[in-house]
Structure formats: structure tokens, C-alpha cells
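Trainee: Below are the sequence and a predicted model for it; my questions follow.
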Amino acid sequence: MIPRPFAEIASVGAAVPPRAVTNAELSRTLDTSDEWIVERTGIRERHVATAAQSVAMLAAEASRDAMDRAAIRAADIDAIVLGTASPDRLLPSTACDLQALLGAHNAAAFDVSAACPGYLYALTIAEGLIASGQSRTVLVVGAEKLSTITDWEDRSTAILFGDGAGASVVRRSTRAGRGILSTFIKSDGRLAELLYRPGGGSADPISERVVCSRNHYMKMAGREVFKAAVRTMAEACDEAIRRAGVRPDEIDLLVPHQANIRIIEATAKHAGMPLSKVMINVERYGNTSSASIPLALDQAVTDGRLRSGSLVLLVAFGAGFTWGSAVVRW
Ligand code: COA
């Protein structure tokens with residue numbers, strides 16, 4: 001076995017639909033307020049795609065950004081691994097639609113259904129494809145149009161979610177010590193019904209009854225999800241750090257899933273990271289599920305908070321439940 005790191009994140013790119021929906025706008029149709037939402041979640045606005053903007057289109061915009069930055073062509077991509085909880089169609093995968101949009105004709109393309117840690121699951125798969133010699137260059141994407149699976153009449157969920165996409169080019173490590181030092185992924189399917197879409201799949205196919213009962217939208221037990229998120233993100237931080245063989249105080253930047261400022265603060269506290277070392281943009285985008293970590297990474301690079309040699313800890317939690325983490329030398 002060749003020693004880690006096998007693979008590096010060569011670049012990141014992002015795409016967010018232009019339209020921002022503020023808390024004030026939501027409180028015109030829902031019994032809520034900007035004050036309540038900011039205090040409980042830290043979210044001030046989220047971006048919402050138009051009917052014409054598909055998940056694949058958002059993913060393509062983010063991917064082209066990442067490909068330009070890594071100076072690779074579509075033909076160089078051996079695999080596209082796309083995390084999403086809101087695929088454009090149930091068949092085929094959104095990754096295949098993305099492949100067609102990019103003209104990445106040499107790639108294998110498939111989706112990963114792991115909810116909010118979808119990008120970290122996809123990154124883990126990409127690392128494995130590279131380590132096994134299957135692929136040299138993998139496009140790892142997290143892309144969502146959660147606005148289409150959100151019940152805009154349910155104030156307990158409608159305030160939380162947003163649309164967007166993030167992508168990265170992952171390739172064989174080009175510099176000694178640079179790349180993915182550890183990954184950790186885990187799930188607990190016993191807790192599935194705390195955050196799920198009851199209808200619309202094969203168990204209860206789409207029907208008038210499903211639509212009238214609004215069962216094709218996300219349902220969530222907020223408090224239970226909150227507690228599980230704090231517990232599992234703490235475990236995931238510890239495990240990625242242990243597997244990477246680094247000390248917690250060596251981490252330069254924590255990039256957590258942007259679900260809720262209080263979950264982020266609890267995770268940072270557990271990891272012993274001051275908030276000055278934590279990437280936070282939940283106030284602008286809300287929870288964009290699998291797009292959340294690559295969107296935050298993209299901003300961290302743009303803001304100069306992530307430079308060559310930085311040690312970064314990524315951590316996420318989501319429906320399933322699923323959780324995951326990674327330590328990466330940038
Ligand atoms: N505006 C105003 N009041 C609201 C509200 C809203 N948008 N949503 C819920 N409430 C009300 C509830 O009806 C309840 O009222 P009651 O006391 O009269 O019954 C009260 O606020 C408290 O509700 P509760 O659900 O206990 O609030 P909370 O402090 O747990 O906050 C969440 C709710 C959703 C913000 C919080 O549970 C949370 O963030 N959970 C995690 C969600 C998440 O991150 N999911 C994705 C994971 S990847």
C-alpha cells in the first residue's frame with residue numbers, strides 16, 4: 001500500500017443562484033421573524049434557484065470554476081462523484097446530467113445519497129478511486145436545490161435551507177505531504193425518520209394523496225436532530241484528527257457543515273477551536289446540505305484563510321443519519 005496522502009484537493013469552485021430570500025421576506029408568509037431565525041440558527045438569508053436552474057446546471061457552473069483553477073479539461077476527468085439530496089430526476093443520476101453538460105466523456109459518473117455529508121462521502125470515494133489506481137482525476141461535487149423539497153408552509157424547516165453547488169478537482173498528490181490525510185464516514189439508519197421525506201419514493205410513490213399530505217417534502221424533528229448533530233460532529237472531529245495523526249492545535253481552519261450557528265459553535269468548542277479559526281457563512285446561505293462544505297471551502301480560499309500548507313478539518317452531519325470528516329493538508 002502506498003502511504004497517504006494519495007490524493008489532493010487541487011481546487012474548489014462554487015455557484016449560488018442570484019436570488020437571496022431574506023428572513024424578512026419569509027416572515028411575510030410564515031409566522032416567524034428575523035429575530036427568531038437569527039437567534040436560533042444564525043441564518044439571515046438563503047439563495048433560491050429559479051425553475052429553469054437545475055441542480056446539474058448549478059453543479060456545472062461550480063465545476064467549470066474548479067476545473068479552470070486546476071487547469072484541467074473536461075476530457076481529463078476520469079470520474080464524477082456528486083453528492084445530492086435533491087437530484088434533478090430520480091433516474092438517471094444528476095452526475096450523468098452534469099457529465100453531459102461538461103462534455104466529460106471519459107468519466108464514470110454517479111450520485112452519492114448521503115445528505116449533508118454528501119461532499120465528504122464523495123471525497124472519500126474519490127480518494128479510494130485514486131488510491132486503487134482506477135482514476136487519476138475525479139470531480140467531487142455537492143449540489144442542491146433544496147427549495148424544491150422544502151415545505152414553504154412549515155416554519156420549522158422553511159427557514160433553514162438554501163440552494164447552491166460546490167465542486168473540487170481531486171487528483172493524485174503532486175507534492176509530498178499535500179492532500180487528504182484522513183477521512184471518516186459513518187451512519188445510523190435507525191434514526192432515519194427524524195429527518196426525511198416520507199413520500200415520493202418507491203415505498204410510497206408520488207400520488208395525489210402524497211402531494212395533498214405534503215409528504216413529498218422534508219419532515220424534521222428539530223431538537224433531536226440538533227442533539228445528534230452536536231454529538232456526531234464531535235465524534236467525527238476526534239476521529240479524523242486521530243486518523244490523520246495530527247494534534248488538534250495543529251489545525252489551522254475548521255470548516256464545518258453550515259446547518260446552524262449553535263451547532264457550529266458547539267462543534268468548535270468540542271474541537272478546542274476558537275471561532276477565529278472556524279469558517280462560517282451560514283448567515284448568507286443557510287443549510288445547503290452537500291454543497292455546504294465546498295461552498296465554505298471556496299470562500300475560505302477566496303478570503304485567503306486557506307493557503308498552501310494549511311491544515312484543515314472538514315466535518316458534517318445529516319439525514320440518515322450520516323456523518324463524516326476529513327483532515328486535509330491544503
Ligand atoms: N419561527 C418562530 N417560532 C418557531 C419557528 C420559527 N421559524 N420554528 C419553530 N418555532 C416555535 C415552535 O413552534 C415552538 O413553539 P412552542 O414552544 O409554542 O411549541 C418553539 O418555537 C420552540 O421550538 P423548537 O423546535 O423546540 O425550537 P428549537 O430551539 O429547537 O429551534 C430549530 C428549532 C429547527 C432551529 C433547531 O431545533 C435546530 O436548528 N435543529 C437542527 C436542525 C438542522 O440543523 N437540521 C439539518 C441538519 S443537517
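Mentor: Happy to help now that I have it. Numbers count the residues shown, from 1 in each chain.
Trainee: Tell me which other helices or strands the helix ranked longest in the chain touches.
Mentor: Among the segments of the chain that qualify as a helix by DSSP state H, the longest is helix 222-244. If you count contacts as 3 or more CB pairs under 8 Å, 6 or more residues apart in numbering; DSSP states H and E, helix 222-244 packs onto strand 179-187, helix 261-271, strand 311-318, strand 322-329. Every residue, glycine included, has its C-beta placed from N, CA and C.
Trainee: Check which helices and strands the last one sits against.
Mentor: Applying 3+ CB pairs under 8 Å, 6+ apart, one finds that strand 322-329 makes contact with helix 118-131, strand 179-187, helix 222-244, strand 311-318.
Trainee: near the ligand, which residues of the stretch 151-300 of the chain?
Mentor: Within the stretch 151-300 of the chain, the positions near the ligand by CB under 6 Å from any ligand atom are 155-156, 159-160, 220, 222-223, 225-226, 229, 259-260, 287.
Trainee: most surrounded residue in those?
Mentor: Highest neighbour count within these: Ala259, with 28 neighbours (other CB atoms under 10 Å).
Trainee: can you confirm it is in a strand?
Mentor: No - using DSSP: H, G, I helix; E, B strand; the rest coil, the secondary structure at Ala259 is coil, not a strand.
Trainee: which residue packs closest to it, ignoring adjacent ones?
Mentor: Leaving out its chain neighbours, the residue that sits closest to Ala259 by CB to CB, 6 or more residues apart in numbering is Asn287, at 4.7 Å.
Trainee: try Leu90
Mentor: Nearest to Leu90 is Gly201, by CB to CB, 6+ apart, at 7.8 Å.
Trainee: Tyr121 now?
Mentor: Once flanking residues are discounted, Tyr121 sits nearest to Ala114: 4.0 Å by CB to CB, 6+ apart.
Trainee: would you list every one of the strands in this structure?
Mentor: Listed in chain order, the strands of the chain (DSSP state E) span 7-15, 20-22, 45-47, 79-83, 108-112, 137-145, 163-172, 179-187, 195-196, 219-220, 253-256, 311-318, 322-329.
Trainee: What is the burial count for Ala165?
Mentor: Ala165 - counted by other CB under 10 Å - has 34 other residues nearby.
Trainee: so where's the stretch 51-200 of the chain shaky on pLDDT?
Mentor: Scanning the stretch 51-200 of the chain for pLDDT under 70 picks out no residues.
Trainee: no wait, the stretch 201-330 of the chain
Mentor: Along the stretch 201-330 of the chain, no part satisfies pLDDT under 70.
Trainee: For the ligand, what is the nearest residue in it?
Mentor: Going by CB to the nearest ligand atom, the ligand is nearest to Gly222 of the stretch 201-330 of the chain, at 2.9 Å.
Trainee: and that residue, what does it touch?
Mentor: Neighbouring residues of Gly222 by CB atoms under 8 Å, 6 or more residues apart in numbering: Ser156.
Trainee: gap between it and Val211?
Mentor: 24 Å (CB to CB, to the nearest Å).
Trainee: Return the set of residues that bridge with the residue nearest to Ala259.
Mentor: Beta-bridge partners for Asn287, by DSSP bridges, are Phe161.
Trainee: hang on, isn't it packed against Cys116?
Mentor: Yes - assessed by CB atoms under 8 Å, Asn287 is found in contact with Cys116 at 7.2 Å.
Trainee: List the residues that contact the residue nearest to Pro205 when sequence neighbours are not counted.
Mentor: Once flanking residues are discounted, Pro205 sits nearest to Gly199: 8.0 Å by CB to CB, 6+ apart. Counting by CB under 8 Å, 6+ apart, Gly199 touches Pro205, Ile206, Ser207, Val210, Ser213, Asn215, His216.
Trainee: The second one contacts His216, correct?
Mentor: What it means is Ile206. Yes - between Ile206 and His216 there is a contact at 6.5 Å, judged by CB under 8 Å.
Trainee: Which one's more surrounded, those two?
Mentor: Taking other CB under 10 Å, Ile206 and His216 do not tie; His216 has more neighbours (18 against 13).
Trainee: what are the bridge partners for the residue lying closest to that one once chain neighbours are set aside, then?
Mentor: Excluding the flanking residues, the one nearest His216 by CB to CB, 6+ apart is Gly200, at 3.9 Å. Here Gly200 sits in beta bridges with Pro205, as judged by DSSP bridges.
Trainee: Tell me, how many residues neighbour Gly200?
Mentor: 17.
Trainee: With Thr288 instead?
Mentor: Under the neighbour criterion other CB under 10 Å, Thr288 is assigned a count of 31.
Trainee: residues touching it, list them.
Mentor: Residues in contact with Thr288 (CB under 8 Å, 6+ apart) are Arg46, Gly142, Glu144, Leu146, Phe161, Gly162, Asp163, Gly164, Gln258, Leu295.
Trainee: Alright, that wraps it up for me.
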